[in-house]
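[1] Sequence and predicted structure below; questions after.
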Amino acid sequence: MKNTIKFIASSAVLASAGATFAAGSHAGGHGHGTEAIGKPGVAAKATRTVQIDMTDNMRFTPDTVTVRRGETVRFVVKNSGKLKHEFNLGTEKDLREHYEMMKKFPEMEHDEPNIASVEPGQTGEVIWQFTKAGTVNFACLHPGHYEAGMKGAVKVGAGK
């Protein structure tokens, strides 16, 4: 009897952990390689605001942004479409990997500082400090959107 109760209890724990993963909720900004693209910014240190529009033609406007290394930027992302979109900063590799996960768990919710998930007609915000020169990519990783070309790049210059 003891073993049966232990088995049922451990099965319940594993089932709930599996259900949590299957629901596709993840948070915290860790594990997605954000250190390679910079770090979450402090709102008071943002040197400028960049407006980005997301539309159902699967495009960002603008799709290229230029910043200086060390700069903190407030991205205000507006969803002008009728579909949910997201603005997700990352390396191309991390975005592709995350996209594969989104295809398996399309209702995945995000609570990470490099992502703004935005409902139709709404506006979201990402405040980011770009600590390294190079290119930081951004994309909408909702199934079908990335493949349709909903991506862009932040060109990070050497600095001041």
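    Good, I have the coordinates.
[2] in this structure, which helix or strand is least confident?
    Least confident helix or strand of the chain, by mean pLDDT, DSSP states H and E, is strand 25-27 with a mean of 39.
[3] how about the helices in this structure?
    Assigned by DSSP state H, the helices in the chain fall at 2-23, 92-104.
[4] Check those helices for me: which has the lowest mean pLDDT.
    Of all the helices of the chain, the minimum mean pLDDT falls on helix 2-23 (a mean of 41).
[5] Can you name the residues that contact Glu147?
    Glu147 sits next to no residue when contact means CB atoms under 8 Å, 6 or more residues apart in numbering. For glycine as for every other residue, the C-beta is placed from the backbone atoms N, C-alpha and C.
[6] what do you get for the one 10 residues further on?
    Taking CB under 8 Å, 6+ apart, we find Gly157 in contact with Thr66, Val67, Arg68, Arg69, Ala133.
[7] Bridged to it, which residues?
    Counting by DSSP bridges, Gly157 forms beta bridges with Arg68.
[8] Quick one, grab the pLDDT at it.
    95.
[9] how far away is it from Met150?
    Relative to Met150, Gly157 is positioned 25 Å away (CB to CB, to the nearest Å).
[10] Go ahead and confirm Ile127 touches Lys39.
    No. Counting by CB atoms under 8 Å, Ile127 stays clear of Lys39, with 10.3 Å between them.
[11] Between the two, tell me which one has more neighbours.
    For Ile127 and Lys39, the more surrounded residue by other CB atoms under 10 Å is Ile127, and the numbers stand at 19 against 15.
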